[in-house]
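Novice: I'll drop the sequence and a predicted model, then ask my questions.
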Amino acid sequence: MDLRPIGVYDSGVGGLTVVREISRGLPKERVIYFGDTARVPYGDRTTGELRRFSQEIITFLKNQGSKFIIAACNTTSSQVLDDIKMRFEVPVIGVLRPGAYAASKATRVGRIGVIATIGTTRSNAYEKAIREHLPEGQVFGMACPRLVPLIEEGNLDSEETIHVLRSYLNPLVKKGIDVLILGCTHYPYLVKHIKTIVGPGVGIIDPAEETIKEVAVILKKLGLESTEKTGPYEFFVSGEPSRFMAVGEKLPGNEQIKAKQVNLSDLSFPFRIIRGGDDKLGTGVKKYDTV
Ligand code: DGL
């Protein structure tokens, strides 16, 4: 039993789709959220940047008392998470593997589409993870760099957004996919339009839902599950809070959001590296405790 909150982070409003699933699936858990809105989008960032941003934010969330961290960002999960999670005492989970597993179970024809950021698509991480469960499966990736900026602006239902979505989705539909993974946590904001474009024959996998099922199992296994929600969710952003709040509240099922701003320079250091590592991260941390 552990009443401390779960820490969740993403580049912006995307990870709120994961927070929503926590509120549905783990209603006794409290959440501390960090949206890195001063540095969004993450989609085309280098692995060095993603690693540095993650370690800053995880340190912040840990210092706020988090018992468990969810990197609610596919771009991070696909490129730097295996490395990052070795570096912290607090357990860290990403969103990619649970979604890949669910898609490989859901497909009947073995043809899966993945819409994602440039970084996630380039990493082939979904393809690799799906192949572990479905070696013969065919995976069709589509990088959709225009979607995150549109969603962050709250531009969810315009002609422009629907036109852009069609240009990304129609080629995947033509490939004969029967399952589509929303491989970026921002995309569930557009799920209504996505469903209309791909049609009823294509099942939609939202990795947020799958991740929370897995989090429930892990919390139980580690004895970290909460027995009562002891306070409201807390939201922090690195940019200006008002747009984050306004867009976040457009997500159906989200509770009211009150976000506080944290200056990037105040994200605290140093953090303790618990296993291995090097000093390529530019943190100035040179001594490691190895376990
Ligand atoms: N929502 C994140 C993801 O799942 C990041 C998107 C971005 O900032 O480009 O990939």
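Specialist: Received it, and whenever you're ready, just let me know what you need.
Novice: and stretch 141-158, does that touch the ligand?
Specialist: Yes - Stretch 141-158 lies within reach of the ligand by CB under 6 Å from any ligand atom, at Val148. C-beta: built from backbone N, CA, C; applies to glycine.
Novice: Can you give me the end-to-end span of that stretch?
Specialist: 25 Å (CA to CA, to the nearest Å).
Novice: The ligand contacts on this protein?
Specialist: So the chain meets the ligand at 10-11, 14, 40-43, 73-75, 117, 120, 148, 184-186 (CB under 6 Å from any ligand atom).
Novice: Could you identify the most distant pair in these?
Specialist: Val40 and Thr120 (14.9 Å; CB to CB).
Novice: Near Val40, how many other residues are there?
Specialist: The tally of other residues near Val40 (other CB atoms under 10 Å) stands at 23.
Novice: does Val247 count as helix, strand or coil?
Specialist: Using DSSP: H, G, I helix; E, B strand; the rest coil, the structure places Val247 in helix.
Novice: what residues are up against the residue lying closest to it once chain neighbours are set aside?
Specialist: Distances taken as CB to CB, 6 or more residues apart in numbering place Gly154 nearest to Val247, at 4.3 Å, with adjacent residues excluded. Gly154 makes contacts with 243, 246-247, 250, as judged by CB atoms under 8 Å, 6 or more residues apart in numbering.
Novice: redo that, cut-off 10 Å
Specialist: 13, 189, 243-244, 246-250 (CB atoms under 10 Å, 6 or more residues apart in numbering).
Novice: Make CSV from these and add neighbour count and pLDDT to it.
Specialist: Output for the contacts of Gly154, formatted as CSV (neighbours: other CB atoms under 10 Å; pLDDT from 0 to 100):
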residue, neighbour count, pLDDT
Val13, 31, 98
Tyr189, 29, 97
Arg243, 17, 94
Phe244, 26, 96
Ala246, 12, 95
Val247, 23, 96
Gly248, 28, 95
Glu249, 15, 93
Lys250, 14, 91
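Novice: which residues in the stretch 151-291 of the chain form strands?
Specialist: Secondary structure of the stretch 151-291 of the chain by DSSP state E, counting those that start in this stretch: the strands cover 179-182, 203-205, 234-237, 259-261.
Novice: Turn these into CSV, including mean pLDDT and mean neighbour count.
Specialist: Formatted as CSV, the strands of the stretch 151-291 of the chain follow (pLDDT from 0 to 100; neighbours: other CB atoms under 10 Å):
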stretch, mean pLDDT, mean neighbour count
strand 179-182, 98, 26
strand 203-205, 98, 20
strand 234-237, 96, 21
strand 259-261, 94, 15
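Novice: Take these and lay them out in JSON lines including distance to Ile58.
Specialist: Shown next, in JSON lines, are these (distance: least, CB to CB, whole Å):
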{"stretch": "strand 179-182", "distance to Ile58": "24"}
{"stretch": "strand 203-205", "distance to Ile58": "26"}
{"stretch": "strand 234-237", "distance to Ile58": "13"}
{"stretch": "strand 259-261", "distance to Ile58": "18"}
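Novice: Phi, psi for Val31 please.
Specialist: phi -130, psi 140 (degrees, to the nearest 10).
Novice: For the closest residue to it other than its chain neighbours, the count of nearby residues, please.
Specialist: Computed as CB to CB, 6+ apart, the closest residue to Val31 that is not its neighbour in sequence is Tyr233, at 4.4 Å. Neighbours of Tyr233 under the rule other CB under 10 Å: 22.
Novice: Thanks a lot, catch you later.
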